[in-house]
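>>> What follows is a predicted structure for the sequence shown.
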Amino acid sequence: MTPLRRLLVEDLRTAQRRDPAARGLLEIALAYPGVHAVWAHRITHRMWTSNPLLKLPARLLSQAVRALTGIEIHPGAQLGRRLFIDHGMGVVIGETAEVGEDVVLFHGTTLGGVSMSKGKRHPTVGDRVVIGAGAKVLGPVRVGSDVKVGANAVVVKDVPDGEVAVGVPAKPRAVSAVKREQWIDPAVHI
C-alpha cells in the first residue's frame with residue numbers, strides 16, 4: 001500500500017473509530033464532509049508549501065472545498081494525523097493554525113486570529129484535544145495536549161495540558177485523572 005493510500009485509509013478508520021454513527025468505510029468515504037475537507041487540505045497544503053506559483057491555485061481549491069463541505073481550512077494551516085472533524089459545518093481553521101494529532105473538532109469550531117498583521121496569529125493545538133461545538137479558539141494561543149474545550153467556549157489565553165476550558169472567556173479547570181477518563185462530551189461543560 002502506498003504512503004498516500006495508507007494515510008487516506010487512516011483518515012477513514014479515524015472517522016469510523018470516533019463516530020458511533022459510522023456504519024462503514026464506504027459510507028464515510030462518500031458522505032463525511034470532515035473527511036473530504038481533510039483530504040482536500042492534504043492536497044492544498046502540499047501545493048501551498050511546495051511552490052509559490054501554486055499558492056493561488058491552492059487557495060482557489062480550498063475555497064471550492066469550503067463551498068462543497070462548509071469547512072474552511074486555509075492551505076497554510078498545519079494539520080496533524082488522525083484529525084476528525086465531526087459534522088463540520090462552519091469549521092474555520094486559519095492560515096497559521098497548527099493542529100496536533102488525534103484531535104476532534106465539532107461543528108462551528110473556529111481556530112481563528114485576532115489580528116490582521118502578518119506572522120503567527122492563529123492557535124496551536126496539542127495532541128488528543130477535543131474542541132466542542134461552536135467553540136472559538138482565537139489568537140496565537142497554545143491549547144495543550146489532552147485538553148477538552150467546552151461547547152461555545154471562547155479561548156483567548158493558553159490552556160495547560162490536561163485541563164478543561166469552559167466559558168466566555170474560557171477558564172481552564174483542572175480535572176482529576178478519574179474524571180478525565182469519564183469526561184466524554186465537551187457540551188456537558190458549558
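In hand now; what should we look at?
>>> any idea how far residue 97 is from residue 83?
Remark: distance between residue 97 and residue 83 (CB to CB, to the nearest Å) = 11 Å. All C-beta spots, glycine's among them, are computed from the backbone N, C-alpha and C.
>>> do residue 151 as well
From residue 151 over to residue 83 (counting by CB to CB), the distance is 19 Å.
>>> Likewise for residue 29?
Distance of residue 29 to residue 83, given as CB to CB: 16 Å.
>>> Looking at these two, which is more packed in?
residue 83 (25 against 16; other CB atoms under 10 Å).
>>> Torsion angles phi and psi at that one?
Per-residue torsions, residue 83: phi -70, psi 130 (degrees, to the nearest 10).
>>> okay, now the nearest residue to it once chain neighbours are set aside: neighbour count?
Sequence neighbours aside, residue 103 is the residue nearest to residue 83 in space, at 5.2 Å (criterion: CB to CB, 6 or more residues apart in numbering). As a burial measure, residue 103 scores 23 neighbours (other CB under 10 Å).
>>> One more: residue 71?
26.
>>> Just give the number of residues close to residue 137.
As a burial measure, residue 137 scores 30 neighbours (other CB under 10 Å).
>>> ignore the last one, residue 89
By the measure other CB under 10 Å, the count of residues near residue 89 is 12.
>>> Centroid-nearest residue for this structure?
residue 105 (4.7 Å; CA atoms, centre = their mean).
>>> That residue looks like it's in a strand, true?
Yes. Under DSSP: H, G, I helix; E, B strand; the rest coil, residue 105 sits within a strand.
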